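Peer 1: Turn this into a model:
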Amino acid sequence: MAASFSDRTVEVGCAKCIYDMPGVQGCKLAASIDGQPMLVTGVDVDLHARKLCSVAREAVVTATMEGDGLVASTLDFQ
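Peer 2: Down below sits the predicted model:
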């Protein structure tokens, strides 16, 4: 069963530029959960407009952990 959480504050940033995740090509959204970066799907975020390739930011997310990633239903920046 997949773990889910609601309104959890997490750090988000670019999977490649901030978290240097292996195998990631190009800029993709990632969240750090308990120190482990995970790719985030389910929400549309313009990483460059939010400068998430330069610095990680806090966001409140509602999501389900599936495999090695997160499927978010909401993501709101602080």
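Peer 1: strand partners of the host helix or strand of residue 63, parallel vs antiparallel please.
Peer 2: In this assignment (DSSP states H and E), residue 63 forms part of strand 57-66. Strand 57-66 has its sheet partners listed here by DSSP bridges as strand 4-14 (antiparallel), strand 69-77 (antiparallel).
Peer 1: So for the first one, mean pLDDT?
Peer 2: Averaged across strand 4-14, the pLDDT comes to 96.
Peer 1: Same list (the strands paired with strand 57-66) but as a markdown table, adding distance to residue 52 and mean neighbour count.
Peer 2: All C-beta atoms are positioned from the backbone trio N, CA, C, and that covers glycine. Formatted as a markdown table, those follow (distance: least, C-beta to C-beta, whole Å; neighbours: other C-beta atoms under 10 Å):
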| stretch | distance to residue 52 | mean neighbour count |
| --- | --- | --- |
| strand 4-14 | 5 | 17 |
| strand 69-77 | 10 | 17 |
